[in-house]
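Trainee: coords please:
(2 chains)
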Amino acid sequence: ETGVTQSPTHLIKTRGQQVTLRCSSQSGHNTVSWYQQALGQGPQFIFQYYREEENGRGNFPPRFSGLQFPNYSSELNVNALELDDSALYLCASSLVVGQTPEAFFGQGTRLTVV
Amino acid sequence: SQQGEEDPQALSIQEGENATMNCSYKTSINNLQWYRQNSGRGLVHLILIRSNEREKHSGRLRVTLDTSKKSSSLLITASRAADTASYFCATDNNNDMRFGAGTRLTVKP
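Mentor: Below is the predicted model:
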């Protein structure tokens, strides 16, 4: 167990709908990153939040947005869902110390868009 | 876009054999990490090697890093059936981790 929890574990949505995924970071961690992992692929970096501010973003459109709260929990919001958004969404928390941020991953949310 | 590329994509060995996976990357890095993922679940951190290190050991794991060739290797010695999983390398540049597509390792009992 990494201490990082994600909810829900599975979700089915219809194309065009909006979805919110949640992540509770490991205690004391001030950085959270979100990843999208399609079947058979490696995780793709969506964005990172550090102390409630976006701290880097991958190649994802603006309909992917996020929030980090004062208790360092986080949300990933996806608007106007598309079929290709079906994937495992992973969050990872870390305590940024120097340049060696080991990341602790949650078990992921499996999103299916139909 | 992905940074690391693992090789091979899939590897099948017998229990007790060694497994070697390779990773190549494109840009300069601060460090390189290896993660393991059991089917459809979260990633587990295995080992981190800094850009100024050449080799690192952790239990049955041995990682090498060649920054001149922009490559790394992960060796698992005396493999066990429980080592069956996907293995990913991830490069860290300014706290932005980029993963490869992974190597799917199957260890047959």
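Trainee: quick one: contacts for the residue nearest in space to the middle of chain A?
Mentor: Taking CA atoms, centre = their mean, the centroid of chain A lies closest to A:Trp34, which sits 2.9 Å from it. With contacts defined as CB atoms under 8 Å, 6 or more residues apart in numbering or on different chains, A:Trp34 is in contact with A:23, A:45-48, A:66, A:74, A:76, A:89-92. Yep, even glycine has a C-beta here, placed from its N, CA and C like the rest.
Trainee: mind checking the SS state of it?
Mentor: strand (DSSP: H, G, I helix; E, B strand; the rest coil).
Trainee: distance of it relative to B:Asp7?
Mentor: 27 Å (CB to CB, to the nearest Å).
Trainee: go on, A:Pro43?
Mentor: 18 Å.
Trainee: what's the answer for B:Tyr35, then?
Mentor: 16 Å.
Trainee: quick one, which of the two is more surrounded?
Mentor: A count of neighbours by other CB atoms under 10 Å in any protein chain shown puts B:Tyr35 above the other of B:Tyr35 and B:Asp7, at 26 against 15.
Trainee: partner residues bridging that one?
Mentor: As for beta bridges, B:Tyr35 partners with B:His45, B:Phe88 under DSSP bridges.
Trainee: which ones are touching it?
Mentor: With CB under 8 Å, 6+ apart, B:Tyr35 has these contacts: A:105, B:43-46, B:87-90, B:99.
Trainee: got it, and B:Pro109?
Mentor: B:15, B:81.
Trainee: wait, A:Ser94 touches A:Glu102, no?
Mentor: Yes: judged on CB atoms under 8 Å, A:Ser94 makes contact with A:Glu102 at a distance of 6.3 Å.
Trainee: more crowded one of those two?
Mentor: Legend: neighbour count by other CB under 10 Å for A:Ser94 and A:Glu102, higher for A:Ser94 (24 against 15).
Trainee: ramachandran angles for the more buried one?
Mentor: As for A:Ser94, its main-chain torsions (degrees, to the nearest 10) stand at phi -150, psi 160.
Trainee: cool, B:Ala19 as well?
Mentor: Dihedral angles (degrees, to the nearest 10) for B:Ala19: phi -120, psi 130.
Trainee: what pairs with it across the strands?
Mentor: B:Ile76.
Trainee: around chain A, pick out the residues from chain B.
Mentor: Residues of chain B lying close to chain A by CB under 8 Å from any CB of the partner chain are B:1-2, B:4, B:30-31, B:33, B:35, B:40-45, B:48, B:50, B:88, B:92, B:94-102.
Trainee: what subset of these is buried?
Mentor: Buried subset of the residues of chain B next to chain A (neighbour count, 16 or more other CB atoms under 10 Å in any protein chain shown): B:2, B:4, B:30-31, B:33, B:35, B:42-43, B:45, B:48, B:88, B:92, B:95-102.
Trainee: any idea how far A:Phe45 lies from B:Arg104?
Mentor: 21 Å.
Trainee: point out where chain B drops to low pLDDT.
Mentor: B:1-4, B:93-95 (pLDDT under 70).
Trainee: with chain A instead?
Mentor: Residues of chain A that meet the criterion pLDDT under 70 lie in A:1-2, A:97-101.
Trainee: got the residues of it near chain B?
Mentor: Checking chain A against chain B by CB under 8 Å from any CB, the hits are A:2, A:4, A:31, A:33, A:35, A:40-45, A:48, A:50, A:55-56, A:58-59, A:88, A:90, A:92, A:94, A:96, A:99-108, A:110.
Trainee: re earlier: would JSON lines of the contacts of B:Tyr35 with distance to A:Arg15 be doable?
Mentor: Formatted as JSON lines, the contacts of B:Tyr35 follow (distance: CB to CB, whole Å):
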{"residue": "A:Phe105", "distance to A:Arg15": "28"}
{"residue": "B:Leu43", "distance to A:Arg15": "28"}
{"residue": "B:Val44", "distance to A:Arg15": "33"}
{"residue": "B:His45", "distance to A:Arg15": "35"}
{"residue": "B:Leu46", "distance to A:Arg15": "37"}
{"residue": "B:Tyr87", "distance to A:Arg15": "34"}
{"residue": "B:Phe88", "distance to A:Arg15": "30"}
{"residue": "B:Cys89", "distance to A:Arg15": "34"}
{"residue": "B:Ala90", "distance to A:Arg15": "31"}
{"residue": "B:Phe99", "distance to A:Arg15": "27"}
